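A.B. asks: take this sequence and fold it.
(chains A and B)
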Number of protein chains: 2
Amino acid sequence: LLMSGSQCARLGGPLVRQLLDSVDSVLFDCDGVIWRGDQAIPGAARVISLLKQRGKKVFFVTNNSTKTRKMYADKLSSLGFDAAEDEVFGTAFCCAAYLRSECGLRGKVYLVGSDAMRQELEAVGIQAVGVGPDPVSGKQLDWASVPLDPEVQAVVVGFDEHFSYMKLNRAMQYLTQKDCLFVGTNRDTRLPLEGGKAVPGTGCLLQAVETAAQRQAQTVGKPSRFMFECVAQRFGLRPERCLMVGDRLDTDILLGSACGLKTLLTLTGVMVPDYYVESIADLLPALQGE
Amino acid sequence: LLMSGSQCARLGGPLVRQLLDSVDSVLFDCDGVIWRGDQAIPGAARVISLLKQRGKKVFFVTNNSTKTRKMYADKLSSLGFDAAEDEVFGTAFCCAAYLRSECGLRGKVYLVGSDAMRQELEAVGIQAVGVGPDPVSGKQLDWASVPLDPEVQAVVVGFDEHFSYMKLNRAMQYLTQKDCLFVGTNRDTRLPLEGGKAVPGTGCLLQAVETAAQRQAQTVGKPSRFMFECVAQRFGLRPERCLMVGDRLDTDILLGSACGLKTLLTLTGVMVPDYYVESIADLLPALQGE
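C.D. replies: Numbering: from 1, shown residues only, chains lettered A, B, ... in the order given. Here you go, the predicted model:
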């Protein structure tokens, strides 16, 4: 096993309590860690409620940009998790927070993204245009002169099932203005599914826009440090007292290492986290045994 | 001027005849060289007819994939150029030629591209599916299981104003099959227009598909050598007796240098061609003076 070296220990036995004693907060990635698609990982809900009973703060930190905090809290509840809306940090919410508090944006956003992103932006007072299909009407002759909204001051790219050449073109035209901000939710290139399947991730869409615009977007999602800072600022977290739990090395574990958190991987991979388990349920015995 | 060094000479005076005497064939890029949009560059039509009168073979070599040879010949005629269909080498035609003669493809193609590309593929006996809008119907829940055509053996990406997340996803699913061929027309990332404007080029779309598929496409357009070989094979051209005329250094001039052609740039840029002129009409005096 790639992670069997001295730097990564299999988490189990007395090491679990030791680790849990050393942290105050646990940040969980969602898909692949506490659920898969629409199915809770067996034991995960129990782990989370026991962590809370022991006084740990728990957060849900996901690069998925298709849901608002409210939608996540509802999904968590429906799957049996004890979770509050303000414990959820998805990229739809974090992106809105970034534009509002880091950039001080007051103008509109041209949004290549979901309606959930539009809702999170509106919740912080930022109006978003562009959500939904943007069909080519008849024969489009003058692509470079598509109507633009003069109040747009930022282009934001998240997951968009209605992504199209028209949207790519509109994003590029806005980004020709040098003072137009350019923010992406995340760079995940593929979204892996059950059975070895996968679909294109937001990274593909963002790269197309970056290529056209000849500019690099600032991304807020893991492994960008902003994703942790977004949580840390609101709850006064000390990095060394936090544990990041994830199934992806290039996002979850990389973010954790970069920010000085303890890191726990739930699957095998190519990079080296501090610890790993086969399932989050491996924490159960130690949690229940107390 | 970047090109004023010893390697690039301003073409004019006796040098024009000297150059023309040293070649049998002249390959012209189209947009920006002999026309701009729908306007012929003044003098260009005359240059081409005079070259032909002097026994030169003339070819039109373009990365634009939105027109068939026939459509180009019609456009050339309507703008006053003396041009035959078999002198035109666009990437729609060259892509079809590549799949048929280089790859020996007999199955279908999943085409992210124009109807012109579909027509050129059909002309060599290859059926293409996927052209036109591919709308998301209702709530798409299972992206990874979109219906695929089992006869598809290649994914081809050209310019597609109907490019969408659905098409990106479908292309990725086909490319999961390791023996599925993957061909792109060209990698131009931006299509520059008048007045400093531009729109996203095929390279943006191709990069999105490559990112999702985790595979590199073979491209046929300039600067790929295939674009010259496509002409050379059919007309028995000797590279050293050819002149490539273009306005782009990263495609036209790069192809010319790579294949051992003489190269002529019509605009200024960052790389160093053998010669440059401010307009193709700069050839006129020498041509008319004989």
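
A.B. asks: quick one: least confident helix or strand in chain A?
C.D. replies: One helix or strand of chain A scores below all others by mean pLDDT, DSSP states H and E: strand A:275-276, with a mean of 58.

A.B. asks: how about the residues of chain A by chain B?
C.D. replies: Within chain A, the residues that sit near chain B (Cβ under 8 Å from any Cβ of the partner chain) are A:133, A:135-136, A:140, A:143-145, A:160-166, A:168-169, A:172, A:176, A:189-190, A:193, A:197-201, A:203-205, A:207-209, A:211-212, A:214. The C-beta positions use only the backbone N, C-alpha and C, and glycine is treated the same way.

A.B. asks: show me which of those residues are buried.
C.D. replies: In the residues of chain A next to chain B, burial by neighbour count holds for A:143-144, A:160-166, A:168-169, A:172, A:176, A:189-190, A:193, A:198-201, A:203-205, A:207-209, A:211-212, counting by 16 or more other Cβ atoms under 10 Å in any protein chain shown.

A.B. asks: tell me who's in contact with the most centrally placed residue in chain A.
C.D. replies: Nearest to the centroid of the C-alpha atoms of chain A, with distances taken as Cα atoms, centre = their mean, sits A:Asn63, at 1.7 Å. Listed by Cβ atoms under 8 Å, 6 or more residues apart in numbering or on different chains, the contact partners of A:Asn63 are A:90-91, A:185-186, A:188, A:202, A:221-222, A:227, A:251.

A.B. asks: quick one: low-confidence residue ranges for the stretch 151-290 of chain A.
C.D. replies: Residues of the stretch 151-290 of chain A meeting the criterion pLDDT under 70: A:267-284, A:286-287, A:289-290.

A.B. asks: the same query, at a cut-off of 90, please.
C.D. replies: A:190-198, A:245-251, A:253-254, A:257, A:263-290 (pLDDT under 90).

A.B. asks: which stretches of it form helices?
C.D. replies: When assigned using DSSP state H, counting those that start in this stretch, the helices of the stretch 151-290 of chain A occupy the ranges A:165-175, A:202-213, A:225-235, A:254-259, A:284-288.

A.B. asks: which of the ones you listed sits closest to B:Cys103?
C.D. replies: helix A:202-213 (25.3 Å; Cβ to Cβ).

A.B. asks: alpha carbons only: can I get that closest one in CSV?
C.D. replies: Taking C-alpha atoms only, helix A:202-213 is exported to CSV below (Å, rounded to 0.1, in the frame of the first residue of the first chain):
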residue,chain,number,x,y,z
THR,A,202,-16.5,22.0,-13.1
GLY,A,203,-12.8,22.1,-13.8
CYS,A,204,-13.5,21.3,-17.5
LEU,A,205,-15.9,24.3,-17.8
LEU,A,206,-13.6,26.6,-15.9
GLN,A,207,-10.6,25.6,-18.1
ALA,A,208,-12.6,26.4,-21.2
VAL,A,209,-13.4,29.9,-19.9
GLU,A,210,-9.9,30.4,-18.7
THR,A,211,-8.5,29.4,-22.1
ALA,A,212,-10.9,31.8,-23.9
ALA,A,213,-10.3,34.6,-21.5
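
A.B. asks: in the stretch 51-200 of chain A, which spans are strands?
C.D. replies: Taking DSSP state E, counting those that start in this stretch as the criterion, the stretch 51-200 of chain A carries its strands at A:57-62, A:88-90, A:108-112, A:128-129, A:152-157, A:181-184, A:190-192, A:198-200.

A.B. asks: want to throw these into CSV with distance to B:Gly236?
C.D. replies: What follows is these, written out as CSV (distance: least, Cβ to Cβ, whole Å):
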stretch, distance to B:Gly236
strand A:57-62, 61
strand A:88-90, 62
strand A:108-112, 49
strand A:128-129, 56
strand A:152-157, 49
strand A:181-184, 50
strand A:190-192, 46
strand A:198-200, 44
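
A.B. asks: B:Gly236: which of the helices of the stretch 151-290 of chain A is closest?
C.D. replies: Taking Cβ to Cβ as the criterion, helix A:202-213 is the member of the helices of the stretch 151-290 of chain A that comes nearest to B:Gly236, at 37.9 Å.

A.B. asks: quick check, A:His162 in contact with A:Asp115.
C.D. replies: No: A:His162 is not in contact with A:Asp115 according to Cβ atoms under 8 Å; the separation is 10.2 Å.

A.B. asks: quick check: neighbours shared by these two?
C.D. replies: Between them, A:His162 and A:Asp115 share the neighbouring residues A:Gly132, with contact defined by Cβ under 8 Å, 6+ apart.

A.B. asks: so A:Thr211 touches B:Thr189, yeah?
C.D. replies: Yes: between A:Thr211 and B:Thr189 a contact is recorded at 5.0 Å, counting by Cβ under 8 Å.

A.B. asks: pull up the overlap in contacts between these two.
C.D. replies: When contacts are counted by Cβ under 8 Å, 6+ apart, A:Thr211 and B:Thr189 are jointly contacted by B:200, B:203-204, B:207.

A.B. asks: closest one of those residues to B:Ala83?
C.D. replies: The shortest gap between B:Ala83 and any of the shared contacts of A:Thr211 and B:Thr189 belongs to B:Gly203, at 27.2 Å (Cβ to Cβ).

A.B. asks: so for B:Phe81, which of the helices of the stretch 151-290 of chain A sits nearest?
C.D. replies: Closest to B:Phe81 of the helices of the stretch 151-290 of chain A, according to Cβ to Cβ: helix A:165-175, at 29.5 Å.

A.B. asks: return the angle between stretch directions for that closest one and helix B:202-213.
C.D. replies: If you take axes from the mean of the first three to the mean of the last three Cα atoms, to 10 degrees, helix A:165-175 sits at 110 degrees to helix B:202-213.

A.B. asks: report the distance from helix A:165-175 to the chain centre.
C.D. replies: A distance of 24 Å separates the centroid of the chain from that of helix A:165-175, by Cα atoms, centre = their mean, to the nearest Å.

A.B. asks: having no further points to raise, I will conclude here.
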